[in-house]
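Engineer: with the input below, show me the fold.
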Amino acid sequence: MHKVYLGLGSNQGDRTAHLERAITLVGEHVGSVLRQSSFIETEPWGFQSENQFLNAVILVETALSPRELLLATQKIERTLGRKRKTPPSTLQNPRSPRYADRPIDIDILLYDDLHIDEPDLKIPHPLMTEREFVMKPLNEIRESTNNHQ
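Structural biologist: Residues are numbered from 1 along each chain as shown. Below is the predicted model:
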């Protein structure tokens, strides 16, 4: 079994319901949700929007490989109304629009101690340390996990 941290975000519709449903679906299709951070409200990152985000991080125990995990989280995003993910090719072009409003976003932050650098799968998440909306809830559940061991 593998320990995986997933970042969740929503800034469309019933944000709380989207995050809660995503967590439920992760539990059904990915593995056991061991810990969950608080939900925090944040400004959009990387684009302009009037819609605030609600963000969280969860710790999951899974038997899925990193590739299987990516496919499972993308399927959950589509189930919850996500139209498209930011294509990896646009991340290299600073003029490409990268981000947009979305009902749900699920990012793989950490997968055990693995380091993966493939065009569509990068672990650890390459931008997570730049994002307080990831680091604050991630540190919350990492501290909680360390206190329970």
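
Engineer: okay, buried residues for stretch 32-50 please.
Structural biologist: Neighbour-count burial for stretch 32-50 flags 33, 36-37, 39-40, 42, 44-45 (criterion: 16 or more other CB atoms under 10 Å). The way it works is simple: take the backbone N, C-alpha and C, and place the C-beta from them, glycine included.

Engineer: do stretch 3-15 as well
Structural biologist: Going by neighbour count (16+ other CB under 10 Å), the buried part of stretch 3-15 is 4-12, 15.

Engineer: tell me which of these is nearest to residue 126?
Structural biologist: residue 7 (12.5 Å; CB to CB).

Engineer: hang on, the closest one packs against residue 132?
Structural biologist: No - with contact defined as CB atoms under 8 Å, residue 7 does not count as touching residue 132 (11.8 Å).

Engineer: closest to residue 62 among the buried residues of stretch 32-50?
Structural biologist: Checking the buried residues of stretch 32-50 one by one against residue 62 (CB to CB), the nearest turns out to be residue 33, at 9.9 Å.

Engineer: what is residue 110 paired to in the beta sheet?
Structural biologist: Counting by DSSP bridges, residue 110 is bridged to residue 5.

Engineer: residues near it, how many?
Structural biologist: By other CB atoms under 10 Å, the residues close to residue 110 number 19.

Engineer: quick one, grab the pLDDT at residue 115.
Structural biologist: On pLDDT, residue 115 comes in at 95.

Engineer: looks like residue 104 contacts residue 8 (just checking).
Structural biologist: Yes - Residue 104 is within contact range of residue 8, at 7.1 Å (criterion: CB under 8 Å).

Engineer: which helix or which strand is home to residue 61?
Structural biologist: Using DSSP states H and E, residue 61 maps to strand 53-62.

Engineer: pLDDT weak spots in this structure?
Structural biologist: 45-47, 49, 82-101, 145-149 (pLDDT under 70).
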